[in-house]
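Colleague: need coordinates for the following:
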Amino acid sequence: MLKVVVLISGGGSNLRALLQATEDPGYPARVIAIGADRDADGLGLAEEFGIPSFTVPFTNFATREEWAAELVRQIRVWQPDLVVLSGFMRLLPPSAVEALTPNLINTHPAYLPEFPGAHAVRDAFAAGVTETGASIIVVDNGVDSGPIIAQQRVPVLPGDTETTLHERIKVVERTLLVQTVRDIADGALALETLT
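Modeller: Sure thing, here's the model as predicted:
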């Protein structure tokens, strides 16, 4: 059984999809802890699903390195096989990436390498593209620049707003995340071969 720690910064919609998938006894992974860098709404899912949680507030530390060292320490308490950044809106410094790689993946609401960064949906919408997408990547020391594990296109429809487009991208992100974690757990995907 693959042991997963998920890190969030927001509402945790992708996390909910993964937690729902793990309720199937045949799904080969379990979320063993949920972490956040702030008092995120998605931490309520920990209570709902009976999963331990932890928070390492960025603002409690003098430097990003100190914050990251504590975050990695908290993650290692759980001895996970995989760490998923799911709507985790803070860049990890190289020391944290190196401590967790290659078993560190991220969801991103764009068809990378198009529209990296924190405002991918806004950027795609502003660019007037006819399609964008969702991606799952191995985290590296760049901004959404790691090896791509899975991705899928999402059309931009007439009448779309940034919000409606983002909601449709999230549906695809959830599916990709649940399948990617399954593939890692089943051995169909070996992260160390991608880095």
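
Colleague: would you map the helices across this structure?
Modeller: Along the chain, counting by DSSP state H, helices occupy 13-22, 44-49, 64-77, 94-100, 120-127, 162-186.

Colleague: what's the closest of those helices to residue 148?
Modeller: Closest to residue 148 of the helices of the chain is helix 162-186 (C-beta to C-beta; 10.7 Å). Any C-beta I mention is one placed from the backbone N, CA and C, and that applies to glycine too.

Colleague: which residues touch residue 90?
Modeller: Neighbour list for residue 90: 9, 37, 58 [criterion: C-beta atoms under 8 Å, 6 or more residues apart in numbering].

Colleague: same thing with residue 136?
Modeller: Counting by C-beta under 8 Å, 6+ apart, residue 136 has contacts 105-108, 148-151, 173, 176-177, 180.

Colleague: can you redo the helices of the chain as a markdown table with mean pLDDT and mean neighbour count?
Modeller: Formatted as a markdown table, the helices of the chain follow (pLDDT from 0 to 100; neighbours: other C-beta atoms under 10 Å):
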| stretch | mean pLDDT | mean neighbour count |
| --- | --- | --- |
| helix 13-22 | 95 | 20 |
| helix 44-49 | 95 | 16 |
| helix 64-77 | 97 | 17 |
| helix 94-100 | 96 | 17 |
| helix 120-127 | 94 | 18 |
| helix 162-186 | 96 | 18 |
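
Colleague: just put those helices in CSV and tack on distance to residue 30.
Modeller: CSV is the format used below for the helices of the chain (distance: least, C-beta to C-beta, whole Å):
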stretch, distance to residue 30
helix 13-22, 5
helix 44-49, 10
helix 64-77, 16
helix 94-100, 18
helix 120-127, 29
helix 162-186, 9
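
Colleague: among the ones you listed, which is nearest residue 155?
Modeller: Short answer: helix 162-186, nearest of the helices of the chain by C-beta to C-beta, at 8.4 Å.

Colleague: need the contact partners of the closest one.
Modeller: For helix 162-186, the surrounding residues in contact (C-beta under 8 Å, 6+ apart) are 1-2, 4, 13-14, 17-18, 21, 27-29, 82, 84, 86, 105, 107-110, 121-122, 124-125, 132-136, 149-152, 154, 156-157, 188-189, 191.
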